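Undergrad: return atomic coordinates for the entry below.
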Amino acid sequence: MSDGLSRKLQELEDFLMGEAFGDDAMMLSELDGFLAGLIVCPDMIMPSEWMEAVWGGEAPVFDDIDQVQRVSDLILGHYNGVIRQLDRRRYSPIFEFDTRNDDVMWELWLEGFGKAMRLRPDA
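TA: You can find the predicted model right below:
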C-alpha cells in the first residue's frame with residue numbers, strides 16, 4: 001500500500017498505525033472509505049460527530065498538542081482532498097493489496113464506507 005502514497009498520506013497512515021492509537025483505529029483504506037461515505041451522504045455530518053469513529057471509540061493518547069493538531073490536519077486534509085476528487089469525478093479509492101499475490105483487498109474500504117452510512121441510515 002505505502003508505495004504510491006503521498007508524503008501526507010504516508011504520515012497519516014503512520015499515525016493511525018502508531019502507538020497513540022488503539023487496535024480499533026481505522027487503517028488508511030478504511031478511513032478513505034469512511035470519508036467518502038461521509039461526503040456522499042446527503043446530510044452534513046460534522047467532524048465532532050465522526051472523528052471518534054476514526055479512533056475506534058477510544059481517544060488516542062497524543063504526545064502533545066502539536067501532534068493532536070497535526071493528526072487532525074492530516075485527516076481533515078484528506079477529507080478535503082476526497083471532496084476535490086469527487087467534485088472532479090476523479091476519485092481513486094485507497095485500497096490495500098495482499099503482498100503475497102497482489103490481490104486488491106477492497107473490504108477495508110467498504111467497511112469504512114459502511115460505517116459512514118450507519119451514521120445516517122435514513123439519509
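Undergrad: per-residue pLDDT, the residue positioned nearest the centre of the chain?
TA: Against the mean C-alpha coordinate of the chain, by Cα atoms, centre = their mean, the closest residue is L31 at 1.9 Å. pLDDT for L31: 97.
Undergrad: would you verify that it is located in a helix?
TA: Yes: read with DSSP: H, G, I helix; E, B strand; the rest coil, L31 is one of the residues of a helix.
Undergrad: residues contacting it?
TA: Listed by Cβ atoms under 8 Å, 6 or more residues apart in numbering, the contact set of L31 reads 12, 16, 54, 75, 78, 112. C-beta here means a position set from N, CA and C on the backbone, and glycine is covered the same way.
Undergrad: next, the buried residues of the helix or strand where E52 lies.
TA: Secondary-structure assignment from DSSP states H and E places E52 in helix 47-55. Neighbour counts using 16 or more other Cβ atoms under 10 Å place 50, 53-55 of helix 47-55 among the buried residues.
Undergrad: tell me the one of those nearest F21?
TA: W55 (6.4 Å; Cβ to Cβ).
Undergrad: that closest one against L16, yeah?
TA: No: contact status for W55 versus L16: not in contact, 9.3 Å apart, counting by Cβ atoms under 8 Å.
Undergrad: quickly list what's touching both of the two.
TA: Shared contacts of W55 and L16, counting by Cβ under 8 Å, 6+ apart, come down to A25.
Undergrad: can you show me the helices along this structure?
TA: 7-16, 28-40, 47-55, 65-87, 107-119 (DSSP state H).
Undergrad: mean confidence for the last one?
TA: In other words, helix 107-119. Mean predicted lDDT for helix 107-119 stands at 96.
Undergrad: the longest one now?
TA: Helix 65-87 carries an average pLDDT of 96.
Undergrad: contact partners of it?
TA: 8-9, 11-12, 15, 20, 31-32, 35-36, 38-40, 47, 51, 54, 60, 62, 91-92.
Undergrad: hmm, try it at 6 Å
TA: Around helix 65-87, the neighbours that count as contacts under Cβ atoms under 6 Å, 6 or more residues apart in numbering are 8, 12, 15, 35-36, 39, 62, 91.
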